[in-house]
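>>> model the structure of this input:
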Amino acid sequence: MSLVQRLEVRQGQALVMTPQLLQAIKLLQLSQLDLAAYVEAELERNPLLERAEPEPTGTSEAAEPAYAEDGAGDGFEGAEPDSWLSNELNPSRGEIEGDFDTRLDNVFPDDVPVQAREIGGGDMLSLTPPPYGSSGGSFDAEAPDFEATLTAETSLRDHLAGQLDLATRNPMERLIGGFLIDAVDEAGYLRETVEGVAERLGADPETVARVLTLVQAFDPPGVAARDLAECLTIQLRERDRFDPAMQALVSRLDLVAKRDFAGLRRLCGVDDEDLVDMLGEIRRLDPKPGRAFGSHAAEVLIPDVFVRAAPDGSWLVELNSEALPRVLVNQSYYAWVVRGATADGDKAFLSEALQNANWLTRSLEQRARTILKVATEIVRQQDGFFMYGVTHLRPLNLKTVAEAIGMHESTVSRVTSNKAIGTSRGTLEMKYFFTAAIPGAAGAAAHSSEAVRHRIKQLVDGETPNDVLSDDALVQKLRGEGVDIARRTVAKYRESLRIPSSIERRREHFAHGSGHHAALALR
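Numbers count the residues shown, from 1 in each chain. From the prediction side, this is the model:
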């Protein structure tokens with residue numbers, strides 16, 4: 001065997017991940033907010049990109065007044081040249097009172113935009129504007145700052161800090177109290193321990209505990225609690241309802257969650273009526289006292305695609321034009337700048353900027369077309385859902401959609417991530433329409449897992465106190481409807497819907513039948 005060196009020419013294909021290709025893949029999976037931030041950064045970075053302004057709906061120029069065609073005088077069409085000059089500036093008192101059907105002395109001073117002053121014998125009036133200073137201002141004064149008059153939502157921290165300033169003047173207590181307030185989360189709970197705060201600040205744990213007791217007395221009641229039991233305890237003490245029986249109830253909230261009413265009666269030493277009253281008292285408390293302050297506005301899910309019914313019974317799928325970023329490449333600015341560029345570095349920068357700008361616009365267009373293509377196939381596959389609801393949702397996976405539109409599964413996965421479809425049944429994420437398949441019984445067609453989950457909720461909502469459905473009973477009913485499902489799957493779907501077990505539901509129905517309405521609220 002000998003080793004020989006020789007040159008060979010071979011032809012092959014390979015996928016090269018260029019920066020432009022990586023950019024296109026990245027844009028495909030971005031949400032609307034992330035895409036808007038990315039485009040905004042590119043607009044600041046690339047001088048050849050500019051934001052496309054929406055076209056105005058109407059003319060921007062004010063309509064010109066109609067003038068007389070004969071050109072006589074300077075008045076408006078249909079008006080005598082000097083007719084309004086003779087009487088309008090100096091009307092008589094009788095004319096004013098006759099036009100407005102009132103007397104000038106029967107008008108409040110603040111209601112008169114001009115000052116009426118009799119001249120001569122009282123037949124003519126001189127109408128002059130009132131001095132600006134009489135209404136609380138002057139022409140020389142600065143315009144009022146309207147932004148300073150706007151109200152801002154008070155945060156929980158500001159609300160507590162204001163009470164701390166009034167509660168103590170001790171600098172050390174203010175320092176510790178400010179640290180404790182900063183450690184309170186949006187729900188109103190303290191996420192630091194007394195020992196941890198004392199170690200960080202180098203303070204005495206007893207002092208920190210004393211300041212914590214001070215902060216816990218602030219409004220809203222229950223704030224700065226370290227757990228749910230302490231939060232309820234603070235509120236009950238403020239209402240003077242923290243007796244030994246209530247103390248025993250709060251100490252065993254796990255029994256309340258399990259609806260173990262017999263165990264709670266033995267623990268608290270009360271009868272059924274007293275237990276109902278105690279549970280009702282707990283129900284009226286606020287488990288998250290901080291949510292009323294500085295709560296963030298709920299983010300609205302903006303659809304990328306709209307689906308609406310067509311007159312012929314089909315479905316129209318269209319992109320949400322307001323959610324698409326609009327950018328343009330300023331070719332004229334590039335031509336003007338490149339003529340004055342003399343250095344090679346400037347020309348190279350402009351050439352790269354132009355290439356990146358063109359690629360970004362093409363990537364955005366390709367992204368929009370891909371989203372529309374995938375959404376159209378989803379609507380075609382799930383037409384039963386759009387017509388009849390979730391019970392007609394079909395099993396669907398990425399591979400089915402990818403094969404139907406001739407794309408790779410990874411592309412479909414990127415398209416459906418962080419995207420939403422606006423329908424007549426609400427705005428839903430694209431991932432919602434991809435569900436696992438539950439086999440049908442006796443050779444029937446497969447069912448969507450989301451549809452089966454919805455059917456389980458319907459069966460539980462329709463049960464009676466004398467017929468509480470166990471997981472086995474739910475399995476039998478679903479199999480009777482053609483769904484071949486295991487008991488553990490039913491239990492998993494029931495827990496995902498936050499439906500209690502049959503034993504807990506039977507206790508609920510029993511309490512409801514006995515008139516214990518307050519106990520039902522604690523789940």
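>>> every contact and neighbour count from this point should use C-alpha atoms.
OK.
>>> SS state for Val317?
At Val317 the chain is in strand, as set by DSSP: H, G, I helix; E, B strand; the rest coil.
>>> return the residues in contact with the closest residue to Arg506 other than its chain neighbours.
Among residues not flanking Arg506 along the chain, Val468 sits closest, at 6.3 Å (C-alpha to C-alpha, 6 or more residues apart in numbering). The contact partners of Val468, by C-alpha atoms under 8 Å, 6 or more residues apart in numbering, come to Val460, Ser502, Arg505, Arg506.
>>> any stretches of this protein with poor pLDDT?
1, 15-17, 54-152, 294-299, 442-444, 509-523 (pLDDT under 70).
>>> hmm, try it at 80
1-2, 14-21, 23-24, 53-154, 293-300, 341-342, 440-445, 507-523 (pLDDT under 80).
>>> quick one: the strands in it?
49-51, 115-119, 124-128, 305-309, 315-319, 327-329, 420-423, 426-429, 437-438, 447-448 (DSSP state E).
>>> contacting residues around the residue lying closest to Asp484 once chain neighbours are set aside?
Excluding the flanking residues, the one nearest Asp484 by C-alpha to C-alpha, 6+ apart is Ala441, at 4.7 Å. Ala441 makes contact with Arg479, Gly482, Val483, Asp484, according to C-alpha under 8 Å, 6+ apart.
>>> the first one reaches Val490, doesn't it?
Right, Arg479. No. Between Arg479 and Val490 no contact is recorded; they are 11.6 Å apart, counting by C-alpha atoms under 8 Å.
>>> compare these two and say which is more crowded by neighbours.
Taking neighbours as other C-alpha atoms under 10 Å, Arg479 and Val490 compare with Val490 leading, 20 against 16.
>>> flag every buried residue along stretch 393-411.
Leu393, Arg394, Pro395, Leu396, Asn397, Leu398, Val401, Ala402, Glu409, Thr411 (16 or more other C-alpha atoms under 10 Å).
>>> next one: stretch 344-357
For stretch 344-357, by 16+ other C-alpha under 10 Å, it's Lys347, Leu350, Ala353, Leu354, Asn356, Ala357.
>>> bridging residues for Val317?
Val307 (DSSP bridges).
>>> and of the contacts of Ala441, the nearest to Val379?
Proximity of those to Val379 was ranked by C-alpha to C-alpha; the top entry is Val483 with 24.2 Å.
>>> show me the contacts for that closest one.
Val483 touches Ile438, Pro439, Gly440, Ala441, Ala446, His447, counting by C-alpha under 8 Å, 6+ apart.
>>> now swap in Leu156 and tell me
With C-alpha under 8 Å, 6+ apart, Leu156 has these contacts: Glu186, Gly188, Gly290, Phe293, Gly294.
>>> tell me which two of the residues you listed sit farthest apart.
Among the contacts of Leu156, Gly188 and Gly294 lie farthest apart (C-alpha to C-alpha), at 11.0 Å.
>>> those two: which has the busier surroundings?
Between Gly188 and Gly294, Gly188 has the larger neighbour count (other C-alpha under 10 Å), namely 26 against 16.
>>> so what's the residue count around the spatially closest residue to that one that is not a sequence neighbour?
The shortest distance from Gly188 to any non-neighbouring residue, by C-alpha to C-alpha, 6+ apart, is to Gly290 (4.0 Å). Per other C-alpha under 10 Å, the neighbour tally for Gly290 reads 24.
>>> go ahead and confirm Gly290 touches Glu186.
Yes. Counting by C-alpha under 8 Å, Gly290 does reach Glu186; the two are 5.6 Å apart.
>>> buried sites along stretch 328-339?
Neighbour-count burial for stretch 328-339 [16+ other C-alpha under 10 Å]: Leu328, Val329, Tyr334, Val338.
>>> same question, stretch 262-280
Leu264, Arg265, Cys268, Leu275, Val276, Met278, Leu279, Gly280.
>>> now for the contacts of Val468: which two are most distant?
Every pair of those checked by C-alpha to C-alpha; the farthest is Val460 and Arg506, at 11.5 Å.
>>> show me which of the buried residues of stretch 393-411 is closest to Thr361.
Thr411 (19.2 Å).
>>> helices of the stretch 201-350 of the chain, start to end?
205-216, 228-238, 244-251, 253-258, 261-268, 272-283, 331-340, 344-381 (DSSP state H, counting those that start in this stretch).
>>> can you name every helix or strand that the fourth one contacts?
Based on contacts counted as 3 or more C-alpha pairs under 8 Å, 6 or more residues apart in numbering; DSSP states H and E, the elements that helix 253-258 packs against are helix 261-268.
>>> one step back: save the buried residues of stretch 262-280 as CSV, and put in distance to Leu428 too.
Below are those laid out as CSV (distance: C-alpha to C-alpha, whole Å):
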residue, distance to Leu428
Leu264, 43
Arg265, 46
Cys268, 47
Leu275, 43
Val276, 41
Met278, 41
Leu279, 38
Gly280, 37
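>>> out of those, who's nearest Asp227?
Closest to Asp227, out of all of the buried residues of stretch 262-280 and judged by C-alpha to C-alpha, is Leu279, at 18.6 Å.
>>> and the gap between the closest one and Gly263?
14 Å (C-alpha to C-alpha, to the nearest Å).
>>> what's the answer for Arg487, then?
30 Å.
>>> from the rest of the structure, what touches stretch 358-365?
By C-alpha under 8 Å, 6+ apart, stretch 358-365 touches Gln20, Gln23, Ala24, Leu27, Val327, Leu328, Val329.
>>> from these, which would you call buried?
By 16+ other C-alpha under 10 Å, the contacts of stretch 358-365 give Ala24, Leu27, Val327, Leu328, Val329 as buried.
>>> any chance of those in JSON lines, plus distance to Arg6?
Converted to JSON lines, these look like this (distance: C-alpha to C-alpha, whole Å):
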{"residue": "Ala24", "distance to Arg6": "41"}
{"residue": "Leu27", "distance to Arg6": "45"}
{"residue": "Val327", "distance to Arg6": "53"}
{"residue": "Leu328", "distance to Arg6": "52"}
{"residue": "Val329", "distance to Arg6": "50"}
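>>> returning to that earlier point: possible to save the contacts of Ala441 as TSV with distance to Pro171?
TSV is the format used below for these (distance: C-alpha to C-alpha, whole Å):
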residue	distance to Pro171
Arg479	70
Gly482	72
Val483	69
Asp484	69
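>>> could you identify the most distant pair in those?
Counting by C-alpha to C-alpha, the most remote pair of the contacts of Ala441 is Gly482 and Asp484, 6.5 Å apart.
>>> all good on my end, thank you.
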